[in-house]
Structures are given as C-alpha cells and as structure tokens.
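*Asks:* The following block contains a protein sequence and its predicted model.
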Amino acid sequence: MRGKKYIYILAALVFSVSVLSQCKNSQGEKKDPRGPAFAGAGKCRTCHPSVYDSFLLSAHYAASAAATPGNIQGSFLEGQNEFAFEDNSKVKMEQRGSRPFQVLYINGEEAGSKPFEISFGIKKAQSWLYWTGNNTYQLPVSYYTSVHSWGLSPGYTSQFPEFNRLVGRNCFECHSSNINYLHTIAGGLPDTGIMSLAGREEMDRLSLVTGIDCERCHGPAAEHVRFHEQNPAEKKGRFLVAIAGTGRQEQLDACAVCHSGNDQVKLKSRFLFRPGDTLSAFFRPPTDTFIKTELDVHGNQYGLLRQSRCFTQSTTLTCKNCHDPHRDADNSLSYYSAQCMNCHKEGSPSFCTVKPAAGVLLTENCIDCHMPNQPSAAISFKLSGSLQRYSYLLRTHRIAVYGREGEKLPAGK
C-alpha cells in the first residue's frame with residue numbers, strides 16, 4: 001500500500017509540474033497568451049535593437065498599458081486633481097498606497113472609488129479602464145493634452161457622475177495586441193446567443209497583450225525567431241511576411257484595419273488580421289442607409305486619404321510615405337512638407353501658387369493649409385466647472401485646398 005501511495009504522489013507531482021510548465025517556455029519566460037506561434041515582442045530586440053527601442057517611444061506602443069503612477073498624465077496635486085460635475089459632486093484623482101484611484105465625493109463625503117487599471121492612448125488624450133468581474137469600464141475623467149487638463153471622458157454626461165460605460169473588446173482590437181473573449185464564435189466574434197451585452201463582452205484579463213506590438217503588425221514570429229537563433233548568419237528574414245514586399249493595397253490594409261473607421265460591418269476580429277490579408281475579408285461596407293457622407297477625422301485616416309487627389313493620382317502612395325510605424329509620429333511640419341516636395345517640387349507646375357507672407361517658406365509648411373487640424377464630430381469634451389464643449393482636434397488626412405477655418409473649398413477655388 002505504501003508503494004502505491006508513493007506512486008500516486010509521484011504521479012500527482014509530475015502532473016502538477018506538467019501543468020505549471022504550460023505557462024513557461026524553456027527559458028522560464030511566460031508564454032504569449034496568443035498561443036505558441038507567437039514569440040512575444042521582447043524577442044525582437046535581440047536582432048532589431050534600434051528599431052525596438054524606437055518603437056517603445058511610439059504612440060502605437062502606448063496605445064494601451066497597465067496604468068501606473070509613472071505613466072498617468074495629469075496632476076494628482078490638491079487643487080489640480082478634480083473634476084466638478086453640475087450637481088456639485090466631484091471626482092478626484094488620488095494616490096492610495098501604490099495604486100491611483102478616481103474617487104467620487106458627494107456633498108464632501110466619499111461615495112465610491114475605482115482604480116486606474118488600464119490606460120488607453122497617450123498623445124492627444126489618455127483615458128482609463130477598470131475591471132469589474134470579467135468586464136472593463138471607462139473611468140469618468142480623462143486627460144487631454146491639448147489643454148493640459150483633466151476633462152470628461154467620451155460617452156459621459158457632466159450633469160452627474162457615472163462609472164458605468166462598458167468598454168468591449170472592439171475597442172481593445174485597435175488599442176492592444178490581444179485580449180480573448182470568454183464566449184466566442186467563429187471569426188473571433190462575440191457569442192450573440194448571450195442576451196446581455198456585458199455577458200457577450202466578458203474577457204479573459206490574463207490574455208491581454210497591451211500596446212500595438214511587433215507581432216500585431218508583422219504576424220506570429222515564433223518560427224522566425226527559432227530559425228534565426230539557430231542560424232544567426234542568415235540575414236534574410238525567414239518565416240515572416242515582409243510587409244514591404246506586399247502590394248500597395250495590402251500595405252494600406254495593414255494600417256486601415258484600425259484606421260478606417262467603425263461604421264463597417266465586422267466579419268472577423270481584427271486580432272486575426274495578418275500581413276498580406278485584405279480588409280474586404282474582415283469588413284463588409286455599410287449599407288447606403290448608414291454610409292457617412294462626411295468622414296470623421298478621428299479613426300478614419302484611410303478613408304480620408306482615399307478622397308485625396310494625391311492618393312487617386314498616385315500608384316505608389318501609402319501611409320509609409322509619411323509615417324514610420326516603428327517611430328513616434330514626427331511633430332515637425334517641415335518634415336511632412338518635405339514628403340510633399342517629392343511630388344510638388346518648387347518650380348514645377350504642381351508647386352503651390354499661393355503667395356506667402358514675408359519670411360514664410362512654402363516648402364516648410366504645406367500641412368496647415370492642405371491637412372489642417374479639424375474638430376472631431378465623434379469626440380468632444382468638457383472641462384471641470386465649464387458648460388463649454390471643447391473640440392477634439394486632429395489633422396485631416398484628406399489632402400485638399402482648404403479655407404482659413406479648415407473648410408474644404410469647392411473645386412477650382
């Protein structure tokens with residue numbers, strides 16, 4: 001009996017070690033929650049250190065992150081850390097121990113609090129989510145860099161405080177590299193057989209891969225990494241689709257999967273998109289009833305670019321003509337204007353005919369005239385104690401001739 005007991009104990013230990021080992025790879029590193037085909041973005045730095053380090057400073061990398069006191073924009077200092085609602089309640093940003101919270105006060109008394117857990121965005125604005133069970137909800141106060149201040153989060157009213165705006169997986173598809181539904185059907189879509197929205201949108205928090213990482217754009221890389229670790233002399237990338245080697249439309253679609261708006265009917269999850277895939281396999285265009293005549297500057301850069309003569313008259317123009325996805329977007333207007341000069345050279349028939357003001361060089365700023373900042377119709381916000389609604393300004397990607405207020409002028413003017 002004692003021998004059998006030892007055998008059972010030994011079998012149990014072997015089983016436990018086997019189960020635990022599923023969470024680690026041979027180097028003791030945590031496995032990628034997307035599956036064994038993924039290496040994890042950190043592996044890319046071994047061969048691509050400068051590209052990887054540059055990418056860590058990009059808005060793509062910061063599209064989402066675990067919220068920490070070190071990466072939250074906005075002040076937590078008394079007097080600079082609150083948003084007042086119209087019913088005289090307020091939400092204050094407070095550090096409690098090692099964790100930051102948004103704390104609700106009604107008539108000066110604390111009435112509830114929720115932690116900053118996941119950050120979305122960093123460049124134009126930053127908003128935060130918190131977990132309740134298997135769902136994420138948006139905190140009511142965000143930070144807007146254009147005014148360097150806390151403001152009301154999109155989707156909330158300033159009349160009274162709420163903490164109940166459900167944020168589903170669709171938002172994560174363009175702000176992260178992975179998160180899994182708990183209940184899913186073919187194509188990575190939610191199980192529509194579940195009646196409640198919260199039930200359909202339940203997610204596995206352990207499967208979240210924050211930011212837009214290398215494999216989100218380049219595809220699963222485990223086989224690529226294994227090959228090059230074993231064959232370090234081989235300089236040609238193997239077992240990975242070279243995006244530069246795909247056609248123009250495929251390169252555009254790689255960006256458009258997240259930069260073509262939200263008004264299309266989704267056929268498959270964006271998380272399943274791989275280099276060389278086409279957008280038409282993932283989305284069905286909206287019906288005539290729902291087609292927007294004016295595309296919004298927020299989130300539909302591809303649609304706006306397609307309306308530009310620069311795009312329609314070119315066979316080579318893609319997003320990469322102006323943007324390096326491995327670097328943060330350059331803020332220099334002269335940098336982008338230099339890209340325009342590749343086609344609109346000074347002295348050529350296509351060069352700008354506007355007479356500049358004294359001391360102004362047309363070659364250094366095409367952008368303010370032809371791609372001006374415009375207000376988003378999808379996003380606006382209020383500041384604490386103000387009834388005014390502020391515009392969320394973004395550069396339009398419809399390259400055209402605009403008036404002084406950024407309005408597109410009729411053809412020929």
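*Replies:* Cool, got the structure. Numbers count the residues shown, from 1 in each chain.

*Asks:* Surely Phe307 touches Arg398?
*Replies:* Actually, residue 307 is Gln. It isn't Phe. Yes. If you go by C-beta atoms under 8 Å, Gln307 and Arg398 touch, sitting 4.9 Å apart. Quick note: C-beta positions are derived from backbone N, CA and C, even for glycine.

*Asks:* those strands in the stretch 1-150 of the chain, which residues are they?
*Replies:* 64-66, 82-84, 90-96, 99-106, 109-115, 118-120, 125-132, 135-138, 141-144, 149-152 (DSSP state E, counting those that start in this stretch).

*Asks:* neighbouring strands for the third one, and are they parallel or not?
*Replies:* Sheet pairing of strand 90-96 (DSSP bridges) gives strand 82-84 (antiparallel), strand 99-106 (antiparallel).

*Asks:* Mind checking the pLDDT average for that strand?
*Replies:* Across strand 90-96, pLDDT averages out at 97.

*Asks:* Could you tell me which ranges of the stretch 1-150 of the chain sit under the pLDDT cut-off?
*Replies:* Within the stretch 1-150 of the chain, the stretches with pLDDT under 70 are 1-29.

*Asks:* ok, the residue most central in space within the chain - contacts?
*Replies:* Nearest to the geometric centre of the chain sits His175, at 3.2 Å (C-alpha atoms, centre = their mean). His175 makes contact with Ala63, Ser64, Phe120, Gly121, Ile212, according to C-beta atoms under 8 Å, 6 or more residues apart in numbering.

*Asks:* Is it correct that the second one is in contact with Glu117?
*Replies:* What that stands for is Ser64. No. Assessed by C-beta under 8 Å, Ser64 is found out of contact with Glu117, at 10.8 Å.

*Asks:* ok, the two, which is more surrounded?
*Replies:* Taking other C-beta atoms under 10 Å, Ser64 and Glu117 do not tie; Ser64 has more neighbours (24 against 17).

*Asks:* does the more buried one have beta-bridge partners, and which?
*Replies:* Per DSSP bridges, the residues bridged to Ser64 are Phe120.

*Asks:* And the residue lying closest to Glu117 once chain neighbours are set aside, how far from Ser350?
*Replies:* Distance criterion C-beta to C-beta, 6 or more residues apart in numbering; nearest residue to Glu117, sequence neighbours excluded, is Tyr130 at 4.8 Å. Using C-beta to C-beta, to the nearest Å, Tyr130 is found at 52 Å from Ser350.

*Asks:* neighbour-wise, which of these two wins?
*Replies:* Just comparing Tyr130 and Ser350: by other C-beta under 10 Å the higher neighbour count belongs to Tyr130, 20 against 10.

*Asks:* Distance check, that one against Gly193.
*Replies:* Distance, Tyr130 to Gly193, using C-beta to C-beta: 28 Å.

*Asks:* Go through the strands of the stretch 1-150 of the chain and name the closest to Pro275.
*Replies:* strand 64-66 (21.5 Å; C-beta to C-beta).

*Asks:* which helices and strands does the closest one pack with?
*Replies:* With contacts taken as 3 or more C-beta pairs under 8 Å, 6 or more residues apart in numbering; DSSP states H and E, strand 64-66 sits against strand 118-120, strand 203-210.

*Asks:* Fine by me, we can end here.
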